[in-house]
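**Student:** This is a predicted model, with the sequence first.
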Amino acid sequence: MAERHWRFDDEAALVAFARALAPALRAGGVVYLHGDLGAGKTTLARALIGALGVEGRVKSPTYSLIESYRLPDLSIHHLDLYRIADPGELEWLALDELDRGGANLVLVEWPERGAGSLPRPNLVLHLAHAEPGRTLNAVASDSRAAAWLAAISE
């Protein structure tokens, strides 16, 4: 639907992008985070979660698979599927329950490992190494996510 590209010279610029995107995600949605190891997926997710109002340490869900955060107006679910070998392994996570009751934001790192078991994304972010920084290609899957991208100033 809509697609935009960014280049970040350092981690601070990636964090600033996350902070700019965060207000648009306050109503919830599903965001897939693609990229090689070290591309910035967790950095982006942590920055988003913090910008949305989660205080304190934002843990990586690499070993727990999912970390959830409850705010008064939003529930955030951060998944890291790097250790998943088969999408069937996700059944016990009750992912179909994540979008029930109020606004829910689901951030999924390594979504390709959960193919067929995940909710459809509104927004797909592809991060890549581009020394000395990173590139980000954002693809909106619907008009709502297209508006999110349009809201981010260059």
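**Tutor:** Perfect, thanks for sending it. Numbers count the residues shown, from 1 in each chain.
**Student:** Isn't residue 151 up against residue 25?
**Tutor:** No. Between residue 151 and residue 25 there is no contact under Cβ atoms under 8 Å: 10.2 Å. Placement of C-beta: from N, CA and C, glycine included.
**Student:** Okay, helices next: where are they in this protein?
**Tutor:** Ranges of helices in the chain, per DSSP state H, are 11-21, 41-51, 143-151.
**Student:** Out of those, which is the most enclosed?
**Tutor:** Comparing those by mean neighbour count (mean count of other Cβ atoms under 10 Å), helix 41-51 ranks first with a mean of 21.
**Student:** which residues are contacting that helix?
**Tutor:** Helix 41-51 is contacted from outside by 11, 14-15, 17-19, 21-23, 25, 33-35, 58, 60, 62, 69, 76, 78, 80, 107, 109-110, 125, 127, using Cβ atoms under 8 Å, 6 or more residues apart in numbering.
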